[in-house]
Structure formats: C-alpha cells, structure tokens
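Chemist: Let me see the structure of the following:
(one chain, ligands or ions: 2)
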Amino acid sequence: MYVVIEGIDTAGKSTQLELLKKNFPNAVFTKEPGGTLLGTKLRVMALGGEAKSQLAEMFLFLADRAEHIEEIIKNNKDKIIISDRSMISGIAYANQLNLDKLIELNLIATQNILPDYVILLELTPSELKFRLSQKQNDSIELRGIEYLINIQNRMKETIQKIGINHIFIDASLKIEEIEKKIEDFINGK
Ligand SMILES: Nc1ncnc2c1ncn2[C@@H]1O[C@H](COP(=O)(O)OP(=O)(O)OP(=O)(O)O)[C@@H](O)[C@H]1O
Ligand SMILES: Cc1cn([C@H]2C[C@H](O)[C@@H](COP(=O)(O)O)O2)c(=O)[nH]c1=O
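Modeler: Numbers count the residues shown, from 1 in each chain. Ligands and ions are numbered 1, 2, ... in the order given. Reported below is the predicted structural model:
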C-alpha cells in the first residue's frame, strides 16, 4: 500500500510523519525529493535554486521521482510505504505546462504507478503567511503566499482529476486531531 502525505511548504507534513512513524512502526518511510542516494544529490540541485530554467528544475524533480519509484516503491510493494510528497507535488509545482502534459510526464517517471491513498494537509493563506514568517525560506518558499496557495489549488485539482483515493484535512486543526484523521483514513475507518 503506497500512501502519500501532501501539502504545500509548512503544511505540517513532517510533524505528522513523525507521529506516523510511531503509529506504523513496520511501514517504510520515504520522501521526494531525496529518498534515494541519487535523489539526495538531485534534491540539493533542485532546491538550491541553481536552475535558471523552470523546465530544467522540473526535470530534476522528475529524475528524482523516476529513481524513487524504481528503488523504493517497486522494491517495497508488499509493505506499507508512507511518502512525504509524490507526483502530486511534481505536477502542482511545475505550473508552466498544462495539467494533461504534466500528468503524462509524471506517469512516465513513475512507470504508471500511482499512490493508493493521498492525504492533503490544506493551509489558509493567513496560516501559511504566519508559518513562513517563522522560518528561513528556501528558493521555492521565497516565491510567496499567492504562488503557494495556487500550488495548493493545483494539488487538489490534480488529485481529483487523477481520481486517487484521498482526504483533504484542515492543516490548522490541532496536531492530535490531524493525527487521528490520518490514522482513521489509512485504517479505512
Ligand atoms: N497542526 C498544527 N498547528 C500549528 N502548527 C503546526 C501544526 N502542524 C505543524 N505545525 C508547525 O508548522 C511548521 C511547519 O511544519 P512542518 O515542518 O511539519 O511542515 P512541512 O509540511 O513538513 O513543511 P516543509 O514542506 O516546508 O518541509 C512547524 O513549525 C510546525 O511545528
Ligand atoms: C516533489 C517536488 C517538490 N517540490 C518542492 C516543494 C518544496 O518547496 C520542496 C521540497 O521541500 P520539502 O522540505 O522536502 O518539502 O520542493 C517541487 O517543486 N517539485 C516537486 O516535484
């Protein structure tokens, strides 16, 4: 079972993943970008803001995704895999191409493998503004509130368009409330 936690920067993914590690001790935890050896190098390049071309940046993430599917997802298909981000981020953040083309490119990278379940943590603009103000921002976060809220809308649109089993959770709820909703969803309650 391949489960992904999605959400724009600061939505609370890492916070929930730490709790999931306690609640699902036998699961395989992974992430994009950077879940493989090659991916750690691609992550530094992609997030360092080195690429002048947005297309080049997108292909760095796609290369990371292709390696991640081959090395982590296919090799653990009999286990519960819980991933921090997935092709949903890949499609939503690469907003310079149309959705159909991006889905096609991402399905090439994933060898047509889709997540079984997607959990999207959804932020309001004001909560996003507050959370970004509390940390040092990387090159993508520096693009600002409007950019990231637009990405969040594209994430929702992508999940619905592909038709993956999903839950959208208000990221401003208490940490324990979100934890309970995620656990119930994964356990099919
Ligand atoms: N439910 C919550 N209510 C209030 N604050 C929260 C909640 N969940 C997480 N936070 C806080 O928001 C900040 C971002 O959380 P976290 O690092 O888990 O997000 P993230 O989605 O992993 O971010 P990124 O994608 O940027 O790595 C942290 O300071 C965290 O303590
Ligand atoms: C998978 C993926 C990610 N991104 C962006 C989203 C974030 O700004 C960073 C990843 O940082 P995190 O701390 O690991 O969440 O990269 C992207 O632009 N495209 C992608 O495909």
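Chemist: switch to C-alpha atoms for all contacts and neighbour counts from now on
Modeler: Noted.
Chemist: Would you mind giving me the confidence score for Glu50?
Modeler: Listed pLDDT for Glu50 reads 88.
Chemist: and it, which of the three is it?
Modeler: Glu50 falls in the coil class when you classify it by DSSP: H, G, I helix; E, B strand; the rest coil.
Chemist: so what's it up against?
Modeler: With C-alpha atoms under 8 Å, 6 or more residues apart in numbering as the criterion, no residue contacts Glu50.
Chemist: so does the biggest helix by length in the chain get close to ligand 1?
Modeler: Using DSSP state H, we find that the single longest helix of the chain is helix 145-162. No: Helix 145-162 lies apart from ligand 1 when judged by C-alpha under 6 Å from any ligand atom; the minimum separation is 11.1 Å.
Chemist: same thing with stretch 114-130?
Modeler: No: using C-alpha under 6 Å from any ligand atom, stretch 114-130 stays clear of ligand 1, coming no nearer than 8.0 Å.
Chemist: For that stretch, measure first residue to last.
Modeler: Separation of the first and last residues of stretch 114-130 by C-alpha to C-alpha, to the nearest Å is 33 Å.
Chemist: Tell me which residues of the helix or strand hosting Leu121 come out buried.
Modeler: Using DSSP states H and E, Leu121 sits in strand 117-122. Residues 117-122 are the ones in strand 117-122 that count as buried (16 or more other C-alpha atoms under 10 Å).
Chemist: and the helix or strand just after it, how far out from the chain's middle?
Modeler: Following strand 117-122 in sequence order, the next helix or strand is helix 125-133 (DSSP H and E). Centroid separation for helix 125-133 versus its chain: 19 Å, with C-alpha atoms, centre = their mean, to the nearest Å.
Chemist: Could I get the phi/psi values of the spatially most central residue of the chain?
Modeler: What sits nearest the mean C-alpha location of the chain, by C-alpha atoms, centre = their mean, is Arg85, with 2.0 Å. Geometry field for Arg85 lists phi and psi as phi 80, psi 170, criterion degrees, to the nearest 10.
Chemist: and it, what does it touch?
Modeler: Arg85 makes contact with 4-7, 31-33, according to C-alpha under 8 Å, 6+ apart.
Chemist: Just to be sure, which of the residues you listed are found in strands?
Modeler: Mapping those onto strands (DSSP state E) picks out 4-6, 31.
Chemist: And these, which is closest to Asn187?
Modeler: Within the ones in strands among the contacts of Arg85, the smallest distance to Asn187 is 14.0 Å, found for Val4 (C-alpha to C-alpha).
Chemist: State the distance from that closest one to Asn26.
Modeler: Separation of Val4 from Asn26 (C-alpha to C-alpha) stands at 16 Å.
Chemist: Give the residue from the two that has the larger number of neighbours.
Modeler: The residue with more neighbours, out of Val4 and Asn26, is Val4; 25 against 11, by other C-alpha atoms under 10 Å.
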